[in-house]
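[1] only geometry, no sequence info:
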Ligand code: GAR
């Protein structure tokens, strides 16, 4: 089966949803969970599920993204992943790194792309008065939060929503969307998943 490395920087709830999905007849299995932050909550959750973990700290490299990515790439290669899933990995990747994993690296983003690339997606959706929000899984290309869409899920914006309440509603959908897309992607099918 295909070997999956999951990269994260935070609490790792999407990572847990992905790990929990990779059982039975699933075409992939987890090979590694890697964080750029040693204090990311996701690392303990992965270890508790018996998945190898690694930390590659970006800070010693300062602003030199390529140097960080050399270390990152080398550590990844120790685990021979076929697929990389970015799951709340908060480092922008350079064109060089992306090229090495082109067609094999996917990301989840908390907006209905192409709307709201980058940060603060929920606050921006509320400020715009959007009636709907959501999340997108896409192939990673050199352009930030661009790349072919592999799946998208929508949620309503409701009266009184704050960025936090909207984020929580979207996150629930992320936990459904990302496993659905990974299963399809790992089987070689790039046709998009639309939820709900
Ligand atoms: C998720 O909402 C994910 O879409 C977002 O970070 C959160 C991570 O939560 N990703 C980005 O903003 C990428 N720029 P998690 O650690 O609980 O999965």
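    Sure, I can see it. Remember, it's a predicted structure, so these values are computed and weren't measured experimentally.
[2] would you map the strands across the chain?
    Assigned by DSSP state E, the chain shows strands spanning 2-8, 28-35, 53-55, 83-86, 105-109, 132-139, 149-156, 193-195.
[3] what about the longest helix in the protein?
    For the chain, the longest helix by residue count, based on DSSP state H, is helix 163-186.
[4] what mean pLDDT does that helix have?
    Confidence over helix 163-186 (mean pLDDT, whole number) is 98.
[5] wait, does that helix make contact with the ligand?
    Yes: using Cβ under 6 Å from any ligand atom, we find that helix 163-186 touches the ligand at 171, 174. (C-beta placed from N, C-alpha, C; glycine too.)
[6] distance from the chain centre to that helix, please.
    Taking Cα atoms, centre = their mean, to the nearest Å, one finds the center of helix 163-186 at 10 Å from the center of the full chain.
[7] quick check: buried residues in it?
    Within helix 163-186, the residues scored as buried using 16 or more other Cβ atoms under 10 Å are 166-167, 169-171, 173-186.
[8] next, the angle from it to strand 28-35.
    Calculated by axes from the mean of the first three to the mean of the last three Cα atoms, to 10 degrees, helix 163-186 forms an angle of 140 degrees with strand 28-35.
[9] for the strands of the chain, which one sits closest to the ligand?
    Closest approach to the ligand among the strands of the chain (Cβ to the nearest ligand atom): strand 105-109, 4.6 Å.
[10] quick one: strands adjacent to that closest one?
    Counting by DSSP bridges, the strands paired with strand 105-109 are strand 83-86 (parallel), strand 132-139 (antiparallel).
[11] could I get the ones you listed as CSV with mean pLDDT?
    CSV is the format used below for the strands paired with strand 105-109 (pLDDT from 0 to 100):
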stretch, mean pLDDT
strand 83-86, 98
strand 132-139, 98
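[12] residue contacts, the closest residue to the ligand within the chain?
    Here the chain gets closest to the ligand at one residue, residue 88, 2.7 Å apart by Cβ to the nearest ligand atom. Applying Cβ atoms under 8 Å, 6 or more residues apart in numbering to residue 88 gives the contacts 8, 9, 10, 11, 12, 14, 15, 42, 108.
[13] one more time with 10 Å
    Residue 88 makes contact with 6-15, 35, 40, 42, 107-108, 110, 171, 174, according to Cβ atoms under 10 Å, 6 or more residues apart in numbering.
[14] ok so, going back, save the strands paired with strand 105-109 as a markdown table, and put in mean neighbour count and distance to residue 115 too.
    Shown next, in a markdown table, are those (neighbours: other Cβ atoms under 10 Å; distance: least, Cβ to Cβ, whole Å):
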| stretch | mean neighbour count | distance to residue 115 |
| --- | --- | --- |
| strand 83-86 | 24 | 19 |
| strand 132-139 | 23 | 9 |
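[15] now those in CSV, please, with extra columns for distance to residue 147.
    Converted to CSV, the strands paired with strand 105-109 look like this (distance: least, Cβ to Cβ, whole Å):
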stretch, distance to residue 147
strand 83-86, 11
strand 132-139, 4
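[16] done for today, thanks.
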